[in-house]
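In: Give me a model of this one.
(chains A and B)
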Amino acid sequence: TQLLEQSPQFLSIQEGENLTVYCNSSSVFSSLQWYRQEPGEGPVLLVTVVTGGEVKKLKRLTFQFGDARKDSSLHITAAQPGDTGLYLCAGAYAGGTSYGKLTFGQGTILTVHP
Amino acid sequence: SAVISQKPSRDICQRGTSLTIQCQVDSQVTMMFWYRQQPGQSLTLIATANQGSEATYESGFVIDKFPISRPNLTFSTLTVSNMSPEDSSIYLCSVVWGLGNQPQHFGDGTRLSIL
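Out: Next up, the predicted model:
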């Protein structure tokens, strides 16, 4: 069973501050996705990382995949109230009977105060 | 971009009844999944919907309680049977286009409350 430990579970910060969310696992994932979800909506894909050590940037968001493909981080620079939401990491285990399935972290509820 | 439609978006049901949730995609997909989510919490996979065959259920979920159909490459249904208040949750379908390390994309979910 692949498990993803996501931290912190809750994050309440002021506008303009920086933050980092972590996802860690003892298992190797073929890829890892980050999603953001707002109330009343489904999770929306932010990024997919597949290569160990990969870094991707999406405006003020920076995503990193660990060299061993067991961990990932999401860093937000100068957070804005519009960044408020539930952030989810999810690891994909490709191959065999688990093909295509995602293992989700516990989620991080981010609140950015103006 | 492709559209994933879930119906109903929300419902309030009486205990002991059943509700069928539909997931319709406007283009053919490789895989379809059904999840359950408590508000503000993470997602729990219920099953993988297999086209033309029985769904593959995760530990803790059984076909009698959550029958799933997937008659073609663009449509699937999840039925929540003999509902109790513990079934109150958000139910989400997700889809994958293509093969390899392709991500899952989600519908907006069905918010189900059982009285």
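In: Identify the bridge partners of the nearest residue to residue B:58 once chain neighbours are set aside.
Out: Nearest non-adjacent residue to residue B:58, counting by Cβ to Cβ, 6 or more residues apart in numbering or on different chains: residue B:45, 5.0 Å away. Where C-beta positions appear, they are placed from N, C-alpha and C, glycine not excepted. Counting by DSSP bridges, residue B:45 is bridged to residue B:35.
In: pretty sure residue B:45 is touching residue A:93, no?
Out: No - with contacts counted by Cβ atoms under 8 Å, residue B:45 stays clear of residue A:93, the gap being 11.8 Å.
In: Name the residues contacting each of these two.
Out: Residues within reach of residue B:45 and of residue A:93 at once, by Cβ atoms under 8 Å, 6 or more residues apart in numbering or on different chains, are residue A:101.
In: ok, now which ones touch residue B:36?
Out: Per Cβ under 8 Å, 6+ apart, neighbours of residue B:36: B:43, B:44, B:46, B:89, B:90, B:91, B:92.
In: before we move on, what about residue A:17?
Out: A:78, A:79, A:112.
In: quick one: contacts of the one helix or strand the last one maps to?
Out: Using DSSP states H and E, residue A:112 sits within strand A:108-113. Applying Cβ under 8 Å, 6+ apart, the contact partners of strand A:108-113 are A:6-15, A:17, A:19, A:21, A:76, A:79-88, B:40.
In: out of the residues you listed, which are buried?
Out: A:6, A:11, A:13, A:19, A:21, A:76, A:79, A:83-88 (16 or more other Cβ atoms under 10 Å in any protein chain shown).
In: can you put those in JSON lines and add pLDDT, distance to residue A:31 and secondary structure?
Out: JSON lines is the format used below for the buried ones among the contacts of strand A:108-113 (pLDDT from 0 to 100; distance: Cβ to Cβ, whole Å; DSSP: H, G, I helix; E, B strand; the rest coil):
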{"residue": "A:6", "pLDDT": "96", "distance to residue A:31": "16", "secondary structure": "strand"}
{"residue": "A:11", "pLDDT": "97", "distance to residue A:31": "25", "secondary structure": "strand"}
{"residue": "A:13", "pLDDT": "97", "distance to residue A:31": "29", "secondary structure": "strand"}
{"residue": "A:19", "pLDDT": "98", "distance to residue A:31": "24", "secondary structure": "strand"}
{"residue": "A:21", "pLDDT": "98", "distance to residue A:31": "18", "secondary structure": "strand"}
{"residue": "A:76", "pLDDT": "98", "distance to residue A:31": "21", "secondary structure": "strand"}
{"residue": "A:79", "pLDDT": "98", "distance to residue A:31": "26", "secondary structure": "coil"}
{"residue": "A:83", "pLDDT": "97", "distance to residue A:31": "24", "secondary structure": "helix"}
{"residue": "A:84", "pLDDT": "97", "distance to residue A:31": "27", "secondary structure": "coil"}
{"residue": "A:85", "pLDDT": "96", "distance to residue A:31": "22", "secondary structure": "strand"}
{"residue": "A:86", "pLDDT": "96", "distance to residue A:31": "21", "secondary structure": "strand"}
{"residue": "A:87", "pLDDT": "97", "distance to residue A:31": "17", "secondary structure": "strand"}
{"residue": "A:88", "pLDDT": "97", "distance to residue A:31": "14", "secondary structure": "strand"}
